[in-house]
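1. need a 3D model of the following:
(chains A, B, C, D and E, ligands or ions: 4)
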Amino acid sequence: MSLERIADSSPATEEDTVWKEETGWLDRVPRAAKMLFVFAVFILLWDLVTRFGMVSRIILPTPYETLKDLIFVGKNLLTGQYMLGALWITLKEVFYGFLLAMLIGFTLGVIVGETAFGEQAIMPYLVAIDTMPKVAFAPLFVAWLGFDIDSKVALAAFIATFPIVVGTAAGLHSADVNSRNLFRTMGASRWQTLIKMKLPMALPQVFTGLKIGSVGVMAGAITGEFLGGGKGFGELIRTAASQLNTPRVFSLILYLSIIGLAIFTLVSFAQRRIVFWQKDRVSTGGEG
Amino acid sequence: MSLERIADSSPATEEDTVWKEETGWLDRVPRAAKMLFVFAVFILLWDLVTRFGMVSRIILPTPYETLKDLIFVGKNLLTGQYMLGALWITLKEVFYGFLLAMLIGFTLGVIVGETAFGEQAIMPYLVAIDTMPKVAFAPLFVAWLGFDIDSKVALAAFIATFPIVVGTAAGLHSADVNSRNLFRTMGASRWQTLIKMKLPMALPQVFTGLKIGSVGVMAGAITGEFLGGGKGFGELIRTAASQLNTPRVFSLILYLSIIGLAIFTLVSFAQRRIVFWQKDRVSTGGEG
Amino acid sequence: MPAAAALTETPPLGAPVYQLRNVGKTYARNAIKALDSVNLTLTQGSFSSVIGSSGCGKSTLLKIMSGLIPPSTGRVVLQGKPVTGPRRDIGMMFQQATLFPWRTTLENIVLPIEIRDGKAAAKAARDKARALLELVGLKGFENTYPGELSGGMAQRASICRMLITEPAVLLLDEPFSALDELTRDFMNMELQRICTSRNATAFLVTHSIPEAVILSDVVYVMKPRPGHIAEVVEIDLPRPRTLDMMTTPKFGAIVEHIRSRLDKEAFI
Amino acid sequence: MPAAAALTETPPLGAPVYQLRNVGKTYARNAIKALDSVNLTLTQGSFSSVIGSSGCGKSTLLKIMSGLIPPSTGRVVLQGKPVTGPRRDIGMMFQQATLFPWRTTLENIVLPIEIRDGKAAAKAARDKARALLELVGLKGFENTYPGELSGGMAQRASICRMLITEPAVLLLDEPFSALDELTRDFMNMELQRICTSRNATAFLVTHSIPEAVILSDVVYVMKPRPGHIAEVVEIDLPRPRTLDMMTTPKFGAIVEHIRSRLDKEAFI
Amino acid sequence: QELTKVTFVQPSPSAINSFNVFVAIGEGFFAEEGLDVTVESINGSGPVLQALSSGQAQFGRPGPGPVLAARGRDVDAVFIYNFAAKSNFGIVVPNDSAVQSPADLKGTVIGTGTADGAEVGFARNVLKGSGLEEGTDYTFLTVGDGGPATAAFSSGEMQAYSASTADAAILNQRGVAVRDITPGEYARFFGNGFITMGDTIRNNPELVEKFVRAIYRGHIFALDDANRDKVLAHMAAGNPQESEDPAFAAALFDAVRSKTIPVDMTNGYGYQPPEVWEEWQQVQLAAGELTAPLPDLTAAYTNEFTLKVNGSQN
Ligand SMILES: Nc1ncnc2c1ncn2[C@@H]1O[C@H](COP(=O)(O)OP(=O)(O)OP(=O)(O)O)[C@@H](O)[C@H]1O
Ligand SMILES: Nc1ncnc2c1ncn2[C@@H]1O[C@H](COP(=O)(O)OP(=O)(O)OP(=O)(O)O)[C@@H](O)[C@H]1O
Ligand SMILES: [Mg+2]
Ligand SMILES: [Mg+2]
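-> Ligands and ions are numbered 1, 2, ... in the order given. Sure, this is the predicted structure:
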């Protein structure tokens, strides 16, 4: 048997066939520039639509009117005037609503994900309830909980609960057979298996549910304010809408969407901290 | 080296140590019985709450009143009276809304999932828009599209689009590196890679988006009818609510939730047929 | 050279710790007969392997031995007591390391103690865990999270987790088959070293004939439909075994013998 | 017995089809040097393997050869033309079979044709695909969906997919490492049979020394940091190779020689 | 003959609240004028004004307050027919309440329905007339309509409710007995009526006249008790669900109808007294719904068509 070693590292006399992978020019544009571009196109279209009277101003204000109002609302908020109070109320509703949704969603999620009874006998009803227009329940909450923030908290929680249930249940199902067997061979009780293995394993999907829920909780609070009074941001929007003050409606909504984004970001941040072992995926928003 | 064969299959003289795995008595109860049980408990609680006047009948009807009204509405629907017409209108809105949402959601999803531009510059805006209370856009749709079903279709589509975008984009990202490399070695163009590999691979997650969207589309149509006229089921609910005819409100909502469940089931069925290669997971509703 | 197998059971080399008599298993309401009348005895400090084609019932056998599932017929006795569920004196290891990413290596290793005896006992067992980590060459990785360990390191940590409760027998279901072959050879030598140093009784499920031969005192050859032990091969290579032995003619002959017993059609 | 390697290149056995000169690769903006000055020549009809520890640059080398990624320095020439992107005359196979579950086995096999020449050509190639399926022993599975194939069957189907375009060279990146060892041995024999029957030039990446030795005419031993070919071992076992050869002393000696060249520390 | 298509939009789905329109449809008064009217229901006066200004509808029935607010935003909506001439708002208290007059509401919480602002302004105006100031003597609580209002009464969260005529009637019908304590003099603050856009009046006065004539005829027809059954049938055709319970519908119809008869009949049905418009403007200014008086309040309304069709002109 003969062996042979190549050490022929004499410099190549022919030219190298090194080639470059193509990258589109678009890939080289910085992200901020792209975002700005989309923003500019959007504003331009908006401006054109309003400028040429394609739609009445009391339905769609011009970008400029909206900007002016954004500044006005911003000043009002910063100087701690009445809008700050309203914002504070809405934020409280969102906060407590989310807390409540997490509590209920998590509990139901564990029941549904962990017990055959929950999955077979409770989940179908939860799905059925989720397909109902939840708005219709607002008066019920008002009747029970009054016109204070409680009824809005309830509606916000109601809307945000379902995704958390689904996330938790799906997460509990994600425990692989190896981990289950391992825990069984260790003689772990059902409770230990749940606490020490299934729940931590469910966390990534729990957070997916929390992200979807975080968007819903905002919608819930505002809807609650629309239908059940109170003195929050929803009331400001409602008043502005009834006065046909559309620029105000738009700027209030924009502030709400900023808050919504902030909550979403907060949940994502919490996820990165708590589920520190989860590898980053290409993020595509809502589904995380 | 010595070899040895065990063929000692003489019947064991000692007793077998065969033991039984415990199954809870609950596992042996048929599913239908469990569902019925939950239903009965629910109705009982409902009945108690209304019977002892814990809440006014105007806000929460008794189960019996609701049942009577359910039968009344059912008869009206079956005999083709005015409610059938209203249902038909709402169903049309849901149908076209879902179709539109699929069209837009799919297109945007491909742009977001396939291009860096879409992911970096369009997705953030989509997330921001999704956090806005979409109800506020209803007047805009009415102004543009009128009182006919178009404006409700638009609102329904608006609400259902986002989950489809997210599902499609996440699905496109799910193509593994092996499949990508394989297509590259085959010299496939970007278009071929998209059509022949990434899109089919994205289907399971596209369907997850469709399922979430199917719930949203219903809510969108009803909200649109609440706010933008029309002669659908939403109008019936609004009339009943303004007349404090709460049993009617409840029974209309129950019928809607049945339809919602039916749509959800239809999408799940389509998924099983179209994504025939996907292995069944333990289903937990919304997230499929 | 391997000779034809005798039909009688040889007396155990050490004291018998594990005894299976007539163990059978049918799945899916008696539709699938996964195991049929398996008899075997493991002696103290011995290393045995079971080899066979995919689906022949190896994992089923191991699950029954570990008390994860009940047999349909027959008798399983470990250290004089029948096995009727997971037991403390059994250590088990699976193909995947299955370390939990939210616990550090050390916390993963003391997990069985934590589950059986609570947090305080787990805390007390930390020193022991550190000693085990040193034994498997993972000193310094106590507070590392599993995400930062390589496949081989993770499997070694899961060996520690198995050993921390000082089980009388180790049941290993293809523990290293997810590793590449070079790493696997190395891990097998580690496993031998650990078993010897603790005088542990080991029972290994594998797909690899050389792996079975290099590690075992006895190799059980299983055949499917229904799963049964078709042949018992004693390996009288000297201990400790080294990877060099894999190139000796004797080793080659045993491998060849076992290979010839496994009909190829089973592996398509 | 293996002798010390000579420093000169032996003349190719057949005509040279693949030539790499001074091929180097740095990743991550020159931070990681994955490959450094690799030179090799594959001749028509030869079977070569590259073996080395994890992370030593085997996959990087294969990707450069296949035109998936560009080299940072050096020259890759296939059949006289420089490689500057994926090419028709290269067939490639990965660790996973990667059959697409929404296509039948037959449709999966004609996929490369469909992509290069359209649906009509793919239709025309169906007979050829059927012949290939017969060659690998999958007759009758034309219209089965991959979900119903076992791991080994799927890998055989993906061999067919690679062969349907009649590539001049086959590049194989650990094609059978996901299979259990018994199935893998069997698949390796199949691979040899197919390559011989079509006189294909093959280049295999593997972690397994016996696998490399039993299949190859030449084994390239790679070492990491940066990846380079440390040794070239010619295997002069007779062809066709059989599994029995794995127990011969000559085979053992070659395996032992290669093993001794791979420092163990790399596999922890 | 080709009929002109016209869309009328009402702020609630109730047919009874726009009974003259449905009578005019049912009796063919619109057809006689060459009009084909489609009725759309949306949610509140604001959206009605938005629908008109976007050209989706030609006629609507909002409250006077929102019309003034809209004019403050350069929306040229013009009131053309006073329908709820005797005001469709009122402050109601539970039947068994000790409260007898607005003055008794000192230190209480007063609920308001929709956020149209008009009823808030109306209530504020009434209470001011009794010497009560918002904030110090009483507070408003937005409770919405229907169910929540009932709950607010029973939970004691509000002691009075500023409601529309229809809301109060429905509460009574559903067993929540309420009593209107609004002093009679406030009946001059008329409520929702018919509007169109200034453009329409300038470009197509004939259309407006035809529309007003038809609804006027419908109004008169419905006021005649001899036609009661026919009218109720037209209501049922307009919104079958609303009239499912005939007794309920009839009672509601009576309550709504009674409010459409002006106190002062000198100018006939549909007439809008300019001095009340002045007062409405003052109310809106006081409530902050208007930031400044309109440059020309008289442009907000016209009696031209009403007077022409009801015969009071000559
Ligand atoms: N839970 C189960 N229900 C029904 N059949 C089962 C179950 N588990 C295993 N089987 C069947 O029992 C037989 C033996 O399975 P087992 O997993 O023990 O094989 P194995 O030898 O471990 O195979 P592998 O080498 O692939 O791991 C197979 O035919 C399998 O399909
Ligand atoms: N895309 C990349 N970017 C940066 N570094 C990379 C990339 N791909 C590979 N590397 C690095 O290059 C080196 C060689 O990687 P390569 O995948 O070629 O190794 P390998 O020999 O195939 O390993 P294995 O046996 O694990 O498959 C490794 O250090 C790896 O971390
Ligand atoms: Mg197994
Ligand atoms: Mg590799």
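2. buried sites along the host helix or strand of residue A:101?
-> Under the criterion DSSP states H and E, the helix or strand holding residue A:101 is helix A:82-114. Buried positions in helix A:82-114, judged by neighbour count with 16 or more other C-beta atoms under 10 Å in any protein chain shown: A:83, A:86-87, A:89-91, A:93-98, A:100-102, A:104-106, A:108-114. Placement of C-beta: from N, CA and C, glycine included.
3. how close does residue A:255 sit to residue A:149?
-> Using C-beta to C-beta, to the nearest Å, we find residue A:255 at a distance of 19 Å from residue A:149.
4. next one: residue E:273
-> Counting by C-beta to C-beta - residue E:273 and residue A:149 are separated by 43 Å.
5. ok, those two, which is more surrounded?
-> Summary of the neighbour comparison: residue E:273 and residue A:149, criterion other C-beta atoms under 10 Å in any protein chain shown, with residue A:149 having more neighbours (24 against 19).
6. from the stretch 1-150 of chain C, which residue is nearest to chain E?
-> Residue nearest to chain E within the stretch 1-150 of chain C: residue C:102 (46.3 Å; C-beta to the nearest C-beta).
7. nearest residue to that residue in space, please, no chain neighbours.
-> residue A:200 (4.9 Å; C-beta to C-beta, 6 or more residues apart in numbering or on different chains).
8. doesn't residue C:33 belong to a strand?
-> Yes - the assignment for residue C:33 is a strand, going by DSSP: H, G, I helix; E, B strand; the rest coil.
9. beta partners of it?
-> Here residue C:33 shows beta-bridge partners residue C:26, assigned using DSSP bridges.
10. return the residues in contact with it.
-> When contacts are counted by C-beta atoms under 8 Å, 6 or more residues apart in numbering or on different chains, residue C:33 touches C:24-26, C:225-226.
11. put the buried members of those residues into a PyMOL selection.
-> Remark: buried members of the contacts of residue C:33, expressed as a PyMOL selection using 16+ other C-beta under 10 Å:
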select buried, chain C and resi 24+25+26+226
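12. which residues in the stretch 101-250 of chain C form helices?
-> For the stretch 101-250 of chain C, the helices defined by DSSP state H, counting those that start in this stretch cover C:105-109, C:111-124, C:126-135, C:151-163, C:181-198, C:209-215, C:249-261.
13. for chain E, same thing?
-> Counting by DSSP state H, chain E forms helices over residues E:19-26, E:29-32, E:45-53, E:64-72, E:118-129, E:147-154, E:165-173, E:198-203, E:205-223, E:228-238, E:246-258, E:274-287, E:304-310, given from the N-terminal end onward.
14. for chain E, what are the nearby residues on the stretch 1-150 of chain A?
-> Counting by C-beta under 8 Å from any C-beta of the partner chain, the residues of the stretch 1-150 of chain A close to chain E are A:55-59, A:139-140, A:142-144, A:146-147.
15. quick one: the strands in the stretch 1-150 of chain C?
-> In chain order, the stretch 1-150 of chain C shows strands spanning C:16-27, C:32-43, C:47-51, C:73-78, C:81-82, C:90-93, with DSSP state E, counting those that start in this stretch as the criterion.
16. to residue E:199, which of those strands lies closest?
-> Distances from residue E:199 to each of those were compared by C-beta to C-beta, and the smallest falls on strand C:16-27, at 80.8 Å.
17. got CSV for the residues of the stretch 1-150 of chain A next to chain E, with secondary structure, neighbour count and distance to chain D too?
-> CSV is the format used below for the residues of the stretch 1-150 of chain A next to chain E (DSSP: H, G, I helix; E, B strand; the rest coil; neighbours: other C-beta atoms under 10 Å in any protein chain shown; distance: C-beta to the nearest C-beta, whole Å):
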residue, secondary structure, neighbour count, distance to chain D
A:55, coil, 17, 45
A:56, coil, 21, 50
A:57, coil, 17, 52
A:58, coil, 24, 52
A:59, coil, 22, 46
A:139, helix, 27, 49
A:140, helix, 21, 47
A:142, helix, 32, 51
A:143, helix, 23, 52
A:144, helix, 17, 51
A:146, coil, 21, 56
A:147, coil, 24, 55
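18. give me the buried positions along stretch E:273-280.
-> Here stretch E:273-280 shows E:273, E:276-277, E:280 as buried, counting by 16+ other C-beta under 10 Å.
19. which intervals of the stretch 151-268 of chain C have sub-threshold pLDDT?
-> For the stretch 151-268 of chain C, residues meeting the criterion pLDDT under 70 lie at C:263-268.
20. ok, the closest residue to ligand 1 within chain E - how many residues close by?
-> Proximity of chain E to ligand 1 (C-beta to the nearest ligand atom) peaks at residue E:147, 54.1 Å away. Residues within reach of residue E:147, counting by other C-beta under 10 Å, total 25.
21. quick one: contacts for it?
-> Residues touching residue E:147, when contacts are defined by C-beta under 8 Å, 6+ apart, comprise A:139-140, A:142-143, B:56, B:58-59, B:241, B:244, B:246.
22. let me know the closest of these to ligand 1.
-> Comparing every one of the contacts of residue E:147 with ligand 1 (C-beta to the nearest ligand atom), the shortest separation belongs to residue A:140, at 47.0 Å.
23. any idea how far that closest one lies from residue B:50?
-> Taking C-beta to C-beta as the measure, residue A:140 falls 12 Å from residue B:50.
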